[in-house]
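K.L.:
I'd like to go over a predicted model; first the sequence, then the structure.
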Amino acid sequence: MIKIGIIGCGYWGPNLIRNLFEIKDVDVVYCCDLMESRLQPIKDRYPSISIKKDYKDVLTDSNIDAVVIATPADTHYKIAKEFLLKGKHVFVEKPLTFEVSQAEELVDISKSADKILMVGHTFEYNPAVIKAKEYIDNGELGKVYYITSRRVNLGIVRRDINALWNLAPHDISILIYLIGAIPEVVRAWGSAFIQNDIEDVVFLYLHFPGNIAAHIQVSWLDPNKIRETVIVGSKKMIVYDDIDNDGKIKIYDKGIDKIENNNFQSPVYADYQLRLRTGDLLIPKIDSYEPLKKECQHFIDCISNNKKPLTDGENGLRVVRVLDAAQRSLKNNGAIVYTN
């Protein structure tokens, strides 16, 4: 039985508690939060869980094997470091940290302690994202030209971090997962309308190896809830709409073919022609399961079997590197920032 403490019971914490509580051979021993109003509903629903305001009570319990951290992002580094140094396995919600050096330190500590460090990049466990990667990897799309991603909604407006750090970690992790590389160049622009110096909308341009371009738009100040990624390849194109339950993945057999012209020496013809191609639309069947449940189960499996997580500390570090580069570009009017 793996004994777990959960630190942070705000917006996302209850979802983690629910999924971990349902996993066989997991004992959720503690739930911690500074706000009593968050703890009592947890106790009412899960009477066996011990509720605490101070996570130090979990830190000093030698029976605890692992912790799940879902606190405000600026506390991730401090809390994760304390538990790793106490020899606990650690799961941290995104982003792993606010600084590259902090993320590097957590990765080093986890390796030295031989403990699991895993980051909550939930979309890498999403069946639709996994299916899109399968189509990319098997060559169905041909060469990937570019990817665009929009993650916008009206609310929740954060006071501690901007839309870049709050929303873009999802899209950055998806892009790195799909392409299998981190971007070489990052540029970012944004605007703060509601609160000073906290951008409500951010636009990112990323250039990946292989001349793959990507664009991300994130905002909590938009009238529509959109969670859409478009992947354009030389052969086919994919639209991934996370809100569309009937067709999360649509594969378009569309493109522009470059046809070589054997009569290019003639003044009437160019050496090639561009031909628009429109074929079938395929909506494949996608496995139906909750990505968060799969993510939580993966964390437990990695602890039980001493396996490396899909979204390990190195994975979290890569995303923080891109976020850091984007933040520096954002504060310098879209200046080019290199990630290496």
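P.N.:
Thanks, I have the structure now.
K.L.:
just the helices in the stretch 201-340 of the chain please.
P.N.:
291-305, 313-330 (DSSP state H, counting those that start in this stretch).
K.L.:
tell me which residues in the longest one are buried?
P.N.:
Just to be clear, that refers to helix 313-330. Within helix 313-330, the residues that count as buried by 16 or more other C-beta atoms under 10 Å are 313-327, 329-330. The C-beta positions use only the backbone N, C-alpha and C, and glycine is treated the same way.
K.L.:
which stretches of the stretch 151-300 of the chain form strands?
P.N.:
185-191, 201-208, 212-219, 221-233, 237-241, 249-260, 272-282 (DSSP state E, counting those that start in this stretch).
K.L.:
Tabulate these in JSON lines, adding columns for mean neighbour count and mean pLDDT.
P.N.:
Output for the strands of the stretch 151-300 of the chain, formatted as JSON lines (neighbours: other C-beta atoms under 10 Å; pLDDT from 0 to 100):
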{"stretch": "strand 185-191", "mean neighbour count": "20", "mean pLDDT": "98"}
{"stretch": "strand 201-208", "mean neighbour count": "22", "mean pLDDT": "98"}
{"stretch": "strand 212-219", "mean neighbour count": "21", "mean pLDDT": "98"}
{"stretch": "strand 221-233", "mean neighbour count": "17", "mean pLDDT": "97"}
{"stretch": "strand 237-241", "mean neighbour count": "21", "mean pLDDT": "98"}
{"stretch": "strand 249-260", "mean neighbour count": "15", "mean pLDDT": "91"}
{"stretch": "strand 272-282", "mean neighbour count": "11", "mean pLDDT": "89"}
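K.L.:
and Pro95, which of those strands is closest to it?
P.N.:
strand 212-219 (13.0 Å; C-beta to C-beta).
K.L.:
and the angle from the closest one to strand 221-233?
P.N.:
170 degrees (axes from the mean of the first three to the mean of the last three C-alpha atoms, to 10 degrees).
K.L.:
Turn the strands of the stretch 151-300 of the chain into JSON lines, columns for distance to His298.
P.N.:
Compiled in JSON lines, the strands of the stretch 151-300 of the chain are given as follows (distance: least, C-beta to C-beta, whole Å):
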{"stretch": "strand 185-191", "distance to His298": "29"}
{"stretch": "strand 201-208", "distance to His298": "26"}
{"stretch": "strand 212-219", "distance to His298": "25"}
{"stretch": "strand 221-233", "distance to His298": "22"}
{"stretch": "strand 237-241", "distance to His298": "21"}
{"stretch": "strand 249-260", "distance to His298": "22"}
{"stretch": "strand 272-282", "distance to His298": "29"}
